[in-house]
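> one predicted model, sequence on top.
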Amino acid sequence: MKSNNNTNNTTDIRNAENAAQVLVNLHEIKKIFYTDDVETHALNNINLTINKGEYLSISGPSGCGKSTLLSLLGLLDTSSSGSYTLAGHDVSDLNRDERAAIRNKEIGFIFQAFNLISDLTVAENVELPLTYRSDFDAKQRAAMVNTALEKVDMLHRAHHFPSQLSGGQQQRVAVARAISAKPSIILADEPTGNLDSKNAQIVMALLDQLHQEGATICMVTHDPRSAARAERMIEVFDGKIVADQRTETPTAIAV
């Protein structure tokens, strides 16, 4: 009897430890778009768990639902049904303002088109999301901006404007903006889609480094070489996850 109790206690401890590692949990997620009399089922019964510190890629053909899935993960959109738990909190039914607050605190975004504001300097672009946080004062924000820019080797460009930067430099600034507040998860949507091969490798090497330092990264990409750098590869087809596999040794392309 005592042995059974010990076994149960061990199992409970392991279950608690596993639960503590879960950062994202999607359960039976559906997303339906309505246009006139047409229903488009973009996502169909998606079940996905992402643990802290994981690096996963999401791939699939155009129109398969991968960008919709990333939008739901980023709280840019809401599902038609199902539940979404982020960092231990149910975020399925939040209103627009609540989603924005959680998004600003927990999620860092890297977009294909960089999405930098042209009339703000590099430092101001990185700082912008931080200005919506009441828990950081101006001195703290400045230190966080400098740290993030230094990590992507763009501190020397802090007072330049986006138009004065190359595409690769702009994406590195976008990475700095995404990591400045140390979010729970980084969502990257085709982060190398607008870059030449050299700059694409630099940006992917940055993501590799961030992952090695403990960041949780979820990346949508059509590039199989970029997808293979992740430790976990997910394939989406017709709104469903059709493959979910781990890579023993993620591919790293030398820069």
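Alright, I've got the coordinates.
> next, the distance between the ends of stretch 227-234.
This stretch, stretch 227-234, spans 9 Å end to end (C-alpha to C-alpha, to the nearest Å).
> avg pLDDT for it?
Average pLDDT, stretch 227-234: 95.
> mind listing what's buried in that stretch?
227, 228, 229, 230, 231, 232, 233, 234 (16 or more other C-beta atoms under 10 Å). The way it works is simple: take the backbone N, C-alpha and C, and place the C-beta from them, glycine included.
> ok, and what's touching it?
With C-beta atoms under 8 Å, 6 or more residues apart in numbering as the test, stretch 227-234 has contacts from 48, 54-59, 204, 207-208, 211, 217, 219, 221, 241, 243-247, 250-253.
> now the strands for the stretch 151-255 of the chain?
185-189, 217-220, 232-237, 240-246 (DSSP state E, counting those that start in this stretch).
> check contacts around the residue positioned nearest the centre of the chain.
Nearest to the mean C-alpha position of the chain, counting by C-alpha atoms, centre = their mean, stands residue 187 at 1.6 Å. With contacts defined as C-beta under 8 Å, 6+ apart, residue 187 is in contact with 70, 73, 74, 107, 108, 109, 110, 218, 219.
> highest neighbour count among those?
Neighbour tally across the contacts of residue 187 (other C-beta atoms under 10 Å): the maximum, 28 neighbours, falls on residue 108.
> thinking that residue is in contact with residue 176, fair?
No - counting by C-beta atoms under 8 Å, residue 108 stays clear of residue 176, with 9.8 Å between them.
> isn't residue 155 up against residue 149?
Yes - look at residue 155 against residue 149 with C-beta under 8 Å: they come within range, at 4.3 Å.
> what bits of the stretch 101-250 of the chain have low per-residue confidence?
Applying pLDDT under 70 to the stretch 101-250 of the chain flags the ranges 248-250.
> distance-wise, check the residue nearest to the centre of the chain relative to residue 72.
10 Å (C-beta to C-beta, to the nearest Å).
> which of the buried residues of stretch 227-234 sit farthest apart?
The distance between the two most remote of the buried residues of stretch 227-234 (C-beta to C-beta) is 13.8 Å, for 229 and 234.
> all helices of the protein, in order?
Remark: helices assigned in the chain by DSSP state H are 2-21, 66-73, 96-106, 122-127, 138-151, 167-179, 197-212, 224-227.
> looking at the strands of the stretch 151-255 of the chain, which one is packed in the most?
Compared across those, strand 217-220 shows the largest average neighbour count, a mean of 25 (mean count of other C-beta atoms under 10 Å).
> can you tell me which helices and strands it packs against?
On a contact count with 3 or more C-beta pairs under 8 Å, 6 or more residues apart in numbering; DSSP states H and E, strand 217-220 meets strand 55-59, helix 66-73, strand 185-189, helix 197-212.
> quick one: which of residue 155 and residue 149 has more around it?
Each of residue 155 and residue 149 has its neighbours counted (other C-beta under 10 Å); residue 149 has more, 23 against 16.
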